[in-house]
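S.K.: Generate a structure from the sequence data that follows.
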Amino acid sequence: MARSGYEFFLDKCMLPITPSKLEIKINNANKTLTLINEGEINILKSAGLTDIEFSCGIPQVQYPFAVYKDGFREADYFLNCFESLKNSRKPFQFIVCRSLPGNRKLFGTNIKVTLEDYKLTEDAKDGFDITVKIKLKQWRDYGPKTVNVIMSELGARAAVEPQRETSTSPEPEQPASYTVVKGDCLWNIAKKFYGSGSKYTVIYDANRDIVGGNPNRIYPGQVLTIPAA
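M.R.: Presented below is the predicted three-dimensional model:
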């Protein structure tokens, strides 16, 4: 049974029935070594990529407990979304919004992931409804680093320049406004104005009185304030 106050998003696709169970595993990348006469030691490293697993029900008919962002959709709509996410070979945002009665927010999950695999199960006891088991893996942006060779009297030394996140749009120097159109989400709006979708919270915090308690529910025609950089 779906839990009220939980909403799951795979990119822009909101699941109609909230999964009853969510598993998030933060993987270990530490390495254990055995030293002569000293026993084992543990080499601490940064955490590995996070694994996410859950199963969700995709109904063929409209149930009173199912929630749809833009009106009822049959199962093939969601199956097409899953197929598109898998075949696009691109990462996307996995978002879970959690709130208590009275719309008081709990902690949220917002992580860039890839769709590793998904499994469809049809069971006679579920009628025509489908159960989908989904496995996601955290995505980390990566790319080549620049090495600057510095010449001096003491010889040459190399300085590695860390990779910088590229921005496709300059951050606004003055507050601006933006009118929401169909298909918009705060992640994409933040990417448009700040060059990074992860700054969506800046826009959300400035427009809580308009958006309400759920940052994933914005509607065409709403006029949002875009704070200055």
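S.K.: Backbone dihedrals for residue 87, please?
M.R.: Dihedral angles phi and psi of residue 87 (degrees, to the nearest 10) take the values phi -80, psi -20.
S.K.: Could you measure from it over to residue 28?
M.R.: Between residue 87 and residue 28 the computed distance is 31 Å (C-beta to C-beta, to the nearest Å). The C-beta positions use only the backbone N, C-alpha and C, and glycine is treated the same way.
S.K.: residue contacts, residue 81?
M.R.: For residue 81, the contacting residues are 10, 11, 13, by C-beta atoms under 8 Å, 6 or more residues apart in numbering.
S.K.: Ramachandran coordinates for the second one?
M.R.: Summarising the backbone geometry of residue 11 under the convention degrees, to the nearest 10, its torsions are phi 60, psi -120.
S.K.: tally of neighbours for it?
M.R.: The number of residues packed near residue 11 is 19, by other C-beta atoms under 10 Å.
S.K.: again with the last one
M.R.: Residue 13: 18 surrounding residues under other C-beta under 10 Å.
S.K.: Does it touch residue 78 like I think?
M.R.: Yes - shown here, residue 13 and residue 78 form a contact pair, counting by C-beta atoms under 8 Å, at 6.6 Å.
S.K.: Which one of the contacts of residue 81 is nearest to residue 200?
M.R.: Looking at those and their distance to residue 200, the nearest is residue 11, at 13.9 Å (C-beta to C-beta).
S.K.: So for the one helix or strand residue 114 maps to, what gets flagged as buried?
M.R.: Here residue 114 is covered by strand 109-122, with elements defined by DSSP states H and E. Applying a neighbour-count criterion of 16 or more other C-beta atoms under 10 Å, the buried positions in strand 109-122 are 109, 110, 111, 113, 114, 115, 118.
S.K.: For residue 192, state which of these is nearest.
M.R.: Among the buried residues of strand 109-122, and counting by C-beta to C-beta, the member closest to residue 192 is residue 110, at 17.7 Å.
S.K.: residues contacting that closest one?
M.R.: Residue 110 is in contact with 93, 94, 95, 96, 198, counting by C-beta under 8 Å, 6+ apart.
S.K.: Looking at those residues, state which has the most neighbours.
M.R.: Comparing the contacts of residue 110 on neighbour count, residue 94 comes out first with 24 neighbours (neighbours: other C-beta under 10 Å).
S.K.: Okay, strands next: where are they in this structure?
M.R.: Listed in chain order, the strands found in the chain under DSSP state E are 6-10, 13-14, 22-26, 31-35, 39-43, 50-58, 92-100, 104-105, 109-122, 130-138, 146-152, 155-161, 176-179, 223-226.
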